[in-house]
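Asker: Build me a model:
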Amino acid sequence: MSLLDSTAMRCAIWAAAVGALAAASCSKKTQDGLPPASEWQNGAAAPATAPDPADDIPHFTPPAAMTAKQTNPHAGLDMGGEGDPHAGLDMSGDGEPDNPHGGGGADVTKLGLAAPDPDRPIDPTHRVTGTITVDAAARAKVKPGTSVFLIVKRAGPDGTPSGQPLAVDKLTWTGDGMAFELTEAQAMVAGTDLSGDVVVMARYDQDSDALSKQPGDITGQIHVKIPADHVKLTLDTVLP
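Answerer: Okay, here's the model as predicted:
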């Protein structure tokens, strides 16, 4: 064997030995598929360094929904208070109730509440019936074809409306002495019990939008005990 052949053979054996050692080193891996940190070679992975303050750092702006401070799970519905009794009620006036399960109120399923069963039995004794009239001082301000919103709430200890709406409806003003009827068929939430002391509220709304109010709208309310018939609900307060 010549000296050249002998040198080539030694080089081949050395290359094979180096390859075997490299394979053995790579076979020693952690459960994550990486070799133990003690066997990492210098330069194999650059250590983490703090960012240079002068460098531009991408900034993530969270959407408003992530930062909004909203703690009321019923936001969007006026579930109580003595303000606008119809605020937040989606009664668009298109002739079709927005809530297919209830009586023309908001779709409460979007708020995590159960809607009434459309096939539920309705107790005929749980009702308020009567007529809506207008105070003489405001009679000149009303005209046929304008929307009138009705809402029933539980009466609080002081006789004022309290809690979530028990029943809602939307009528079209036809003239003084217009008849109305509210029952559990107009309930928005499953399990609503239209009974006991309640406050019936009405609002003559010039723009037919339950979400807004404006000067010239006329409201009225009456405290009754269920069942209540021949109720005379008077629109007597003109909003300034």
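
Asker: OK, contacts around residue 239?
Answerer: 213-219 (Cβ atoms under 8 Å, 6 or more residues apart in numbering). No exception for glycine: its C-beta is placed from N, CA and C like everyone else's.

Asker: Show me the domain layout of this structure.
Answerer: Segmentation of the chain into domains, based on automatic domain parsing, reads 3-39, 108-238.

Asker: thinking again about what came up before, in the contacts of residue 239, which residue is surrounded by the most others?
Answerer: Within the contacts of residue 239, neighbour counts (other Cβ atoms under 10 Å) peak at residue 218, which reaches 23 neighbours.

Asker: which residues touch that residue?
Answerer: By Cβ under 8 Å, 6+ apart, the residues touching residue 218 are 134, 138, 141-142, 203-204, 235-239.

Asker: so how far is residue 122 from it?
Answerer: For residue 218, the distance to residue 122 (Cβ to Cβ, to the nearest Å) stands at 30 Å.

Asker: Starting from the strand or helix carrying residue 201, tell me which strands it pairs with and how they run.
Answerer: Residue 201 belongs to strand 197-205 when elements are defined using DSSP states H and E. Using DSSP bridges, strand 197-205 pairs in its sheet with strand 147-155 (antiparallel), strand 218-225 (antiparallel).

Asker: Just the CA coordinates for the helix or strand just after the last one, please, in PDB.
Answerer: Downstream of strand 218-225, the first helix or strand assigned by DSSP H and E is strand 228-235. Listed next in PDB are the C-alpha coordinates belonging to strand 228-235 (Å, rounded to 0.1, in the frame of the first residue of the first chain):
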ATOM      1  CA  ALA A 228    -106.400  44.800  36.700                       C
ATOM      2  CA  ASP A 229    -109.100  45.700  34.200                       C
ATOM      3  CA  HIS A 230    -110.600  48.900  33.100                       C
ATOM      4  CA  VAL A 231    -107.400  50.700  33.900                       C
ATOM      5  CA  LYS A 232    -107.300  54.400  32.800                       C
ATOM      6  CA  LEU A 233    -103.700  55.200  32.000                       C
ATOM      7  CA  THR A 234    -103.200  58.900  31.300                       C
ATOM      8  CA  LEU A 235    -100.400  60.500  29.300                       C
END
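
Asker: Fine by me, thanks again.
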